[in-house]
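# only geometry, no sequence info:
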DNA sequence: GTCAACAACGAAAACGGTTTCGTGTTAATA
DNA sequence: TATTAACACGAAACCGTTTTCGTTGTTGAC
């Protein structure tokens, strides 16, 4: 077992000083050609690579970014993560991933852990509990320490920082509008139970579209489900006691489950009932019938978030003064039409 | 903006030495009660937390583990990742996630990057390209440097280290056996094109099960598909030119796509044809009909991998000598029966 | 009154690098 | 020949900790 070699060892072995070795490896012209070659050859032979931790300590830069997401086993977050990782990779950054599990406490603990020098900046989507509690002191504190932060998807107006979202309201509005134009009259909404920023915006789009087309809002046509659930009795009751001809769901899982129930009830999709879901993931593509879906462009979102963060990180250590400016990027969602709606 | 405070700043402020501050914060009894209280109060006021990087350098332990997976947008890997992250979290470790994108080069680069001090150990599944090239020098080198490594799922016999897998062969065998016992005679196999360790083992189980039940192997009933694909003409031709009454697929995506084609061809599932897939993910549960599936227990796999790794990391810095021993944990896959098979 | 023991603290090395600032030698210039 | 510039290198500080090993000043025992 040959442990990694250090500058000190090379220096001792070649009977020069540590500084000489360091300079020679950086092709400093302070060092003679002879010595440089000798040192580089030796270093190569022993696969010398500088220790990242030592570099981080010296440079006060880790080239790590911290990503905190509520759930990794969730297609949308996974795609965002992929976008982040890909972009970070091209810029030489590593990604430390933490899962908050929708828990406020885990979010706080993980952030504090990472903030003590492990990373250069954060990208995160708020946990459901954090949104419910409306407590963002941990974010404020992090920002106050001068650590860049980018929020995506699950954001809040109470924290001033860079953000990236999709136009949930408009996307939802357009989807409902499309259903109405297709002749649908009784359009249901299946959304989440807990207060999530995005669900709320999507609901608003739904309300507005109904109103603008003179359809009255029927509270019975709105079903609120827990975020993760196995039991389908609530959904079944919903379908049994209402007659509707279209459903908008705030995610694809809700949509696919709802389609199954409708089909079991003998309804034909899209003839009797149409479905549109958010999150254009693999489920939408492979559902039967394939689900018309609103693409949230997670990968692009991750890429943009990573880009915003890294720009801020790298600008930070150039200039120190200069007023901070924060942006909110809005990505346009797109409707992918498939078999669950007619056109 | 108040940057994080350091020991040095506390020391200067309180007019004591750095060592005194450090000791006081650790409740060393070398320091008087008065001084200790004063220092702790001050530290608390300014939210002092030791810098992780400095600690890592000093302790030669980062409390980071590196995870390299071929693809994060893949349900199985995502669940494994979740298992790793969860266990690591309970032990106070962070997870640095890298995606190799099935590329040998990215795998090598990422490993070398992380190996230079950023992490205490690796957990990884080999990229498809790495398995095809059969080149594992990067793994060997890492191990040689004394860095613990745990391979999962996509493993190789050419590298001696800890491993965790499922009993692919047996699981496949049992699935086919079940199909046969249900009266199926012409059982197809849909597997991957590129050489993947796991696909191969699953194919072996399929062969053996046929043989043991006196069914002859028909090469026409084996379809090899690229790992990721959009085009379905190959699959359609396969279904058009063969009549079969059951299909075993090496993952759930293949299975669900295959089911759709069969359905389009007017076949009834499970009456005319039965389906079983590997990877018991969300697709299997929500497919229509729901897919009978072999659960690979990804989360458990990740948890075990993380446990093996952390044990080795923490044992490493206790004793230095003592012969290394490596284990291979085999997790038993379980068949989850749903609507795509009859019983 | 002397010496040992002890309490309370500081100096310094170490982790592994980078970088600034000498310093000694040689060669070129006045 | 004296001065100086260029060259090639080393010493040391620094990043933020921990920890060993002094070094004080006070106390108690003899």
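Noted; the coordinates are in hand. What you are looking at is a predicted structure, and each value in this text was computed from that prediction instead of being measured.
# roughly how far apart are residue A:94 and residue A:306?
Distance of residue A:94 to residue A:306, computed by Cβ to Cβ, to the nearest Å: 12 Å. All C-beta atoms are positioned from the backbone trio N, CA, C, and that covers glycine.
# can you tell me how far residue A:60 sits from residue B:60?
20 Å.
# follow-up on the earlier one: next, show the common contact partners of residue A:94 and residue A:306.
A:65, A:88 (Cβ atoms under 8 Å, 6 or more residues apart in numbering or on different chains).
# And those two? Which one has more around it.
residue A:306 (29 against 23; other Cβ atoms under 10 Å in any protein chain shown).
# Surely the more buried one is in a helix?
Yes: with DSSP: H, G, I helix; E, B strand; the rest coil as the criterion, residue A:306 is part of a helix.
# which SS state does the closest residue to it other than its chain neighbours fall under?
In space, and not counting its chain neighbours, residue A:306 is closest to residue A:87: 3.9 Å by Cβ to Cβ, 6 or more residues apart in numbering or on different chains. With three-state DSSP as the basis, residue A:87 sits in helix.
# List the contacts of the closest residue to residue A:340 other than its chain neighbours.
Closest residue to residue A:340 apart from its sequence neighbours, by Cβ to Cβ, 6+ apart: residue A:275 at 4.1 Å. When contacts are counted by Cβ under 8 Å, 6+ apart, residue A:275 touches A:246, A:247, A:249, A:255, A:258, A:259, A:262, A:269, A:291, A:292, A:340, A:341.
# and which of the residues you listed is nearest DNA strand D?
Relative to DNA strand D, the closest of the contacts of residue A:275 is residue A:249; by Cβ to the nearest atom of the strand it sits at 48.4 Å.
# ok, the closest one - contacts?
A:189, A:190, A:191, A:255, A:258, A:275, A:276, A:277, A:278.
# So which of these belong to strands?
Those of the contacts of residue A:249 mapping onto strands are A:189, A:190, A:191, A:275, A:276, A:277, A:278, per DSSP state E.
# Can you get me a residue count around the first one?
Neighbour count for residue A:189, taken as other Cβ under 10 Å: 25.
# so which helix or strand takes in the residue nearest the centre of chain A?
Geometric centre of chain A, nearest residue: residue A:80, 4.2 Å, by Cα atoms, centre = their mean. Element membership for residue A:80 (DSSP states H and E) is helix A:75-90.
# returning to what we had before: among the contacts of residue A:275, the buried ones, what's the PyMOL command?
Per 16 or more other Cβ atoms under 10 Å in any protein chain shown, the buried members of those correspond to this PyMOL selection:
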select buried, chain A and resi 246+247+249+255+258+259+262+269+291+292+340+341
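# I'd like the mean pLDDT over stretch A:106-114, please.
Taken as a whole, stretch A:106-114 has an average pLDDT of 97.
# Which residues outside it are in contact with it?
So stretch A:106-114 is in contact with A:66, A:68, A:96, A:98-100, A:122, A:124, A:126-127, A:129-130, A:138-139, A:142, B:49, B:52, B:89, B:94, going by Cβ under 8 Å, 6+ apart.
# Among those, which ones lie close to DNA strand D?
Near DNA strand D, judged by Cβ under 7 Å from any atom of the strand, there are no entries from the contacts of stretch A:106-114.
# Give me the buried positions along stretch A:187-202.
A:187-192, A:196-202.
# before we move on, what about stretch A:170-181?
Those would be A:170, A:171, A:172, A:173, A:174, A:175, A:176, A:177, A:178, A:179, A:180, for stretch A:170-181 by 16+ other Cβ under 10 Å.
# Likewise for stretch A:238-254?
Applying 16+ other Cβ under 10 Å to stretch A:238-254 flags A:238-239, A:244-254 as buried.
# Stretch A:272-285 too?
Buried, per 16+ other Cβ under 10 Å, within stretch A:272-285: A:273-285.
# residues in chain A within reach of DNA strand D, list them.
A:15-20, A:29-36, A:54, A:57-58, A:60.
# Just the buried residues of the residues you listed.
A:16, A:20, A:31, A:35, A:36, A:54, A:57.
# just these now: which is nearest residue A:10?
residue A:16 (8.3 Å; Cβ to Cβ).
# circling back to that earlier point, any idea of the angle the helix or strand that comes right after the helix holding residue A:80 forms with helix A:75-90?
Using DSSP H and E, the next helix or strand after helix A:75-90 towards the C-terminus is strand A:94-99. Comparing the axes of strand A:94-99 and helix A:75-90 via axes from the mean of the first three to the mean of the last three Cα atoms, to 10 degrees yields an angle of 160 degrees.
# Sheet-wise, list the partners of strand A:94-99 with their directions.
Its sheet considered, strand A:94-99 pairs with strand A:64-69 (parallel), strand B:94-99 (antiparallel) by DSSP bridges.
# of all these, which lies closest to DNA strand C?
Here strand A:64-69 is closest among these (Cβ to the nearest atom of the strand), at 16.7 Å.
# And the residue lying closest to residue A:255 once chain neighbours are set aside, what's its pLDDT?
Residue nearest to residue A:255 in three dimensions, not counting chain neighbours: residue A:277, with 3.1 Å by Cβ to Cβ, 6+ apart. In this model, residue A:277 is scored at 97, pLDDT.
# quick one, what contacts residue A:277?
A:248-252, A:254-256, A:284, A:291-294.
# From chain B, how far off is it?
12 Å (Cβ to the nearest Cβ, to the nearest Å).
# So what pairs up with that residue in the strands?
With DSSP bridges as the rule, residue A:277 is bridged to residue A:249, residue A:293.
# Please identify which two of the buried residues of stretch A:238-254 are farthest apart in space.
A:245 and A:253 (21.9 Å).
# quick one on the thing from earlier: max pairwise distance over the ones in strands among the contacts of residue A:249: which two?
Across the ones in strands among the contacts of residue A:249 (Cβ to Cβ), the longest gap, 14.1 Å, separates A:191 and A:275.
# Do a quick rundown of the helices in the stretch 51-200 of chain A.
A:52-59, A:75-90, A:104-115, A:128-133, A:137-144, A:168-181, A:197-212 (DSSP state H, counting those that start in this stretch).
# The last one versus helix A:75-90: what angle between them?
Looking back up the chat, that one is helix A:197-212. 120 degrees.
# tell me what helix A:197-212 is packed against?
helix A:168-181, strand A:187-192 (3 or more Cβ pairs under 8 Å, 6 or more residues apart in numbering or on different chains; DSSP states H and E).
# can the shortest one be found next to chain B?
No: contact check for strand A:187-192 against chain B, using Cβ under 8 Å from any Cβ of the partner chain: none in range, with a minimum separation of 14.6 Å.
# can you give me the angle that strand makes with helix A:197-212?
170 degrees.
# where does stretch A:85-92 sit relative to the chain's centre, distance-wise?
Mean-position distance between stretch A:85-92 and its chain equals 15 Å (Cα atoms, centre = their mean, to the nearest Å).
# and it, which residues are buried?
Neighbour-count burial for stretch A:85-92 [16+ other Cβ under 10 Å]: A:85, A:86, A:87, A:88, A:89.
# Reformat those as a markdown table; add pLDDT.
A markdown table is the format used below for those (pLDDT from 0 to 100):
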| residue | pLDDT |
| --- | --- |
| A:85 | 98 |
| A:86 | 97 |
| A:87 | 98 |
| A:88 | 98 |
| A:89 | 97 |
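# Same list, these, but only the ones touching DNA strand C.
Counting by Cβ under 7 Å from any atom of the strand, no member of these reaches DNA strand C.
# Pick out whichever of the residues you listed sits closest to residue B:312.
Using Cβ to Cβ, the buried residues of stretch A:85-92 come closest to residue B:312 at residue A:85, 26.0 Å.
# Touching, that closest one and residue B:96? I think so.
No: look at residue A:85 against residue B:96 with Cβ atoms under 8 Å: they stay out of range, at 10.4 Å.
# Quickly list what's touching both of these two.
residue A:95.
# which among the buried residues of stretch A:238-254 gets closest to chain B?
Taking Cβ to the nearest Cβ as the measure, residue A:253 is the one of the buried residues of stretch A:238-254 closest to chain B, at 7.1 Å.
# could you list every residue that touches the closest one?
Counted by Cβ under 8 Å, 6+ apart, residue A:253 has contacts A:279, A:283, B:282, B:286.
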